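J.: Sequence and predicted structure are below.
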Amino acid sequence: MEFLIQKQDTASRARVGEIVTDHGSFETPVFMPVGTAGAIKGVTPDEARDAGAEIILANTYHLYLRPGHELIRKLGGLHRFMNWSGPILTDSGGFQVYSLSKLRTISEEGVTFQSHIDGSTHFLSPEKAMEIQDALGSDIAMTLDECAPAEADHDYILKSVKLTEQWAQRCRAGKNNNKQALFGIVQGGTYPDLREMSAKGLVEMGFDGYAIGGLSVGEERATREQVIGVTREFLPDEKPVYLMGVGTPEDIVESVNLGVDMFDCVLPTRNARNGMLFTKQGRLVIKNAQYSDDSSPIENDCTCYTCSHYSRAYLRHLFLTKELLAYRLNTIHNLHYYAKLMTGIRTALREDRLADFSRDFYAQKIHNDEKEGAESLQTV
RNA sequence: GUGAGUGUAGCUCAGCUGGCAGAGCACUGGGUUGUGGCCUCAGUGGUCGUGGGUUCAAGUCCCAUCACUCACC
């Protein structure tokens, strides 16, 4: 994997770059749709690509439990298995063990957890995480980390950071797939000193990219941005920076300014299935009664498949009747919205008008979003 | 025609030996950040079939009546 910086913004840490992998290249800042179990829920790979997806994320935890990584290896790897020919990034499973499994016992050796599917007991170590990701054959693998609970105190997180660092080292040592890039994950909760320690430790080891983990676990938006800013200070400019699990369009715009290159989030796909659609004017809840006889598309100037063929009234009907097509059409639109947002950001960066883009981005919002609206303009 | 049963929110039904009319679903509006097509919070909505009676107090007890269901003629 290679990371080429094409243009550095003059007024912020934002930049446009290109990441080259064996399965093709893509420009950053980029948004990666989440394909947890080897599928972007509701759509085919072709539909995801048409909606603008260039790299997708899949999960070690889920694919290990079902159908099993060795099976996927046997069938030619994840790209072939799921018919996605573009780049794939795999999460290591640290977060899923934290958020999904009932029981989690962490030791220096690794983490013992119970499957959320059948309750069976499993053990995940850094070496195991690398073995699984090797079997999957992703283009970018992540180190196994411990995602500490948001309410954990300084002492706990200090230990967690040290453990995550040891695990990162072991992931690096245990990696024997040289076609696969490996990103280290910075932890440290909301403590600046721990974020610094974690970032410095990883940078010293040297990874192909660095991820900021442990966020979007319930913290305030201002806190999140502070942590991102602090962490970013200690990461090298010549490597891609990946903010894990974040977030809303607003989070992305702010984080790009802080120097983040890669994002993933379930929001566009999950919210699509829950009837929430993203538009330049803000969030649109398709089940709302006001759309029952609305013949206009979700967004007037949107060029996605959904907007060019279907009305809000029809989409509302599909959603209320739980037609499977609702999930698919809504997902296509939201993926397209996110892809378009990223294209807009990159274009603005190239033309040196990111601040204008940011201002317009907030100015266009006419409904919902009060809490993350105008006041955050000041921080841009 | 006779006997039995049932009538309570838009739907399906709880409401004990009388004590401020409830739930689920539906509907309306929120929430959802390294994914369980969920989940969650809040809200609108009822002359308790109708008319009498008993009682301080009736969805609840008594009488009449109407509608529906089942069984038997």
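T.: It's in. Computed from a prediction, not measured in an experiment: that's the story for all the values here. Numbers count the residues shown, from 1 in each chain, chains lettered A, B, ... in the order given.

J.: Now stretch A:286-296: average pLDDT?
T.: Here stretch A:286-296 scores 96 as its mean pLDDT.

J.: What of stretch A:35-55?
T.: Computed over stretch A:35-55, the average pLDDT equals 96.

J.: what about that stretch, start to end distance?
T.: 10 Å (CA to CA, to the nearest Å).

J.: In that stretch, which residues are buried?
T.: For stretch A:35-55, a neighbour-count test (16 or more other CB atoms under 10 Å) marks A:35-43, A:45, A:47-55 as buried. For glycine as for every other residue, the C-beta is placed from the backbone atoms N, C-alpha and C.

J.: So A:C304 sits against A:N330, correct?
T.: No. The pair A:C304 / A:N330 is not scored as a contact, 10.6 Å apart, by CB atoms under 8 Å.

J.: Pick out whichever of these two has more residues nearby.
T.: A:N330 (27 against 22; other CB atoms under 10 Å).

J.: mind saving the C-alpha coords of stretch A:22-30 as PDB?
T.: Only the C-alpha atoms of stretch A:22-30 are listed here, as PDB (Å, rounded to 0.1, in the frame of the first residue of the first chain):
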ATOM      1  CA  ASP A  22      -3.400  -4.200  -5.000                       C
ATOM      2  CA  HIS A  23      -7.100  -3.900  -5.500                       C
ATOM      3  CA  GLY A  24      -7.000  -0.400  -6.900                       C
ATOM      4  CA  SER A  25      -6.500   3.100  -5.600                       C
ATOM      5  CA  PHE A  26      -8.800   5.700  -4.100                       C
ATOM      6  CA  GLU A  27      -8.500   9.300  -3.100                       C
ATOM      7  CA  THR A  28      -8.600  10.600   0.500                       C
ATOM      8  CA  PRO A  29     -10.400  12.000   2.500                       C
ATOM      9  CA  VAL A  30     -12.500   8.900   1.900                       C
END
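
J.: where does the closest residue to A:Y337 other than its chain neighbours sit relative to RNA strand B, distance-wise?
T.: Excluding the flanking residues, the one nearest A:Y337 by CB to CB, 6 or more residues apart in numbering is A:F278, at 4.3 Å. From A:F278 over to RNA strand B the distance is 12 Å, taken as CB to the nearest atom of the strand, to the nearest Å.

J.: who's A:F278 bridged to?
T.: A:R283 (DSSP bridges).

J.: list the contacts for it?
T.: A:P249, A:P268, A:N271, A:L284, A:H333, A:N334, A:Y337, A:Y338 (CB atoms under 8 Å, 6 or more residues apart in numbering).

J.: surely the fourth one meets A:A272?
T.: Pointing back at A:L284 there. No. A:L284 lies out of contact with A:A272 (CB under 8 Å); the separation is 11.2 Å.

J.: Looking at the two, which one has more neighbours?
T.: Ranked by neighbour count (other CB under 10 Å), A:L284 and A:A272 place A:A272 first, with 28 against 20.

J.: Check the spacing between that one and RNA strand B real quick.
T.: 8 Å.

J.: Now for A:L277, how many residues are close by?
T.: A:L277: 25 neighbours (other CB under 10 Å).

J.: go on, the one 10 residues further on?
T.: Burial measure for A:K287: 14 neighbouring residues, criterion other CB under 10 Å.

J.: What sits closest to it if chain neighbours are left out?
T.: A:G275 (4.8 Å).

J.: Just to check, the one you found is in contact with A:H317?
T.: No. Contact criterion CB under 8 Å: A:G275 and A:H317 do not qualify, at 11.8 Å.

J.: and the two? which has more neighbours close in?
T.: When A:G275 and A:H317 are compared for neighbours, A:G275 comes out ahead with 19 against 16, by other CB under 10 Å.

J.: how about the residue sitting furthest away from the middle of chain A, secondary structure?
T.: Distance from the C-alpha centroid of chain A peaks at A:D293, with 35.2 Å (CA atoms, centre = their mean). Classification of A:D293 using DSSP: H, G, I helix; E, B strand; the rest coil returns coil.

J.: Find the nearest non-adjacent residue to it, please.
T.: Nearest residue to A:D293, sequence neighbours excluded (CB to CB, 6+ apart): A:A313, at 5.5 Å.

J.: Specify the beta-bridge partners of A:F183.
T.: Counting by DSSP bridges, A:F183 is bridged to A:M142, A:G209.

J.: Spell out which parts of the stretch 251-380 of chain A neighbour RNA strand B.
T.: Contact residues, the stretch 251-380 of chain A versus RNA strand B (CB under 7 Å from any atom of the strand): A:251, A:264-267, A:269-271, A:273-276, A:283, A:285, A:287-290, A:292, A:320, A:322, A:324, A:327, A:368.

J.: part of a helix, is A:E27?
T.: No. Applying three-state DSSP, one finds A:E27 to be strand, outside a helix.

J.: Let me see the contact set for it.
T.: A:E27 neighbours (CB under 8 Å, 6+ apart): A:Q6, A:V16, A:G17, A:E18, A:I19, A:E54, A:R346.
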